[in-house]
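Visitor: need a structure here:
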Amino acid sequence: MKQGTNRRPFTAWILIVLLFFLGFGGIVSGALLFSAPDGNLMGMSVDLLKESPFPNFLIPGLILFFFVGVFQLFVGYGLVTHKTWNRLNIINPFKGYHWAWTASWVAGVIMLIWIIVETDLLGYINILQPIILIWSLIIITLTLLPNVRHYYKRKA
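Guide: Numbering: from 1, shown residues only. Modelled structure (predicted):
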């Protein structure tokens, strides 16, 4: 099913690229954390988690892998292919838009929540934290741009 116009706007391509890069990064980082819950594969120590509810990096690694990695790649795939899955359309609260458009906004919000909670629990660790914060805000903003919304608007 074709969405909106035939030509994908440049801003939609930027959104897709950001989601794919973020997804790959989430999968690699998450896998490294749950593969070595002591953090040694990432050059981190479990001492970072002393103020958190986690004894090691297993659960944060799994969350990172699935919600930041797999979910972002899945959303990027949906934005590229326009796959129509009725089950995803059922849970899409914005029925006038493709499910992947809605999910791209959710992906940005997930990243925003992730980095805010991480920074709150662990404090400032490195430059990636503000970069991920800005990255998540860019994803949310790109999703809400009128040309991106128009492209992913479902035809009646």
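Visitor: this structure: helices as residue ranges?
Guide: Here the chain has its helices, by DSSP state H, at 10-35, 58-63, 71-81, 86-91, 99-122, 128-144, 146-151.
Visitor: shaky segments in this structure?
Guide: For the chain, the stretches flagged by pLDDT under 70 are 1-5, 156.
Visitor: could you redo the last one with a cut-off of 50?
Guide: 1-5 (pLDDT under 50).
Visitor: Val46 versus the closest residue to Leu88 other than its chain neighbours, what's the distance?
Guide: Nearest residue to Leu88, sequence neighbours excluded (CB to CB, 6 or more residues apart in numbering): Trp99, at 4.0 Å. Where you see a C-beta, it was placed from the backbone N, CA and C, and this is true even at glycine. Note on Trp99: its distance to Val46, by CB to CB, to the nearest Å, is 38 Å.
Visitor: cool, and Ile116?
Guide: Distance from Ile116 to Val46, by CB to CB: 22 Å.
Visitor: and Trp13, by the same measure?
Guide: For Trp13 relative to Val46 (CB to CB), the value is 40 Å.
Visitor: circling back: save the helices of the chain as a markdown table, and put in distance to Leu41 too.
Guide: Shown next, in a markdown table, are the helices of the chain (distance: least, CB to CB, whole Å):
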| stretch | distance to Leu41 |
| --- | --- |
| helix 10-35 | 4 |
| helix 58-63 | 10 |
| helix 71-81 | 21 |
| helix 86-91 | 34 |
| helix 99-122 | 17 |
| helix 128-144 | 16 |
| helix 146-151 | 36 |
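Visitor: need those helices in TSV (columns: distance to Lys50 and mean neighbour count).
Guide: What follows is these, written out as TSV (distance: least, CB to CB, whole Å; neighbours: other CB atoms under 10 Å):
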stretch	distance to Lys50	mean neighbour count
helix 10-35	16	19
helix 58-63	14	19
helix 71-81	28	21
helix 86-91	38	10
helix 99-122	9	20
helix 128-144	18	17
helix 146-151	42	17
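Visitor: which one of those helices lies closest to Glu51?
Guide: Glu51 lies closest, by CB to CB, to one member of the helices of the chain: helix 99-122, at 6.0 Å.
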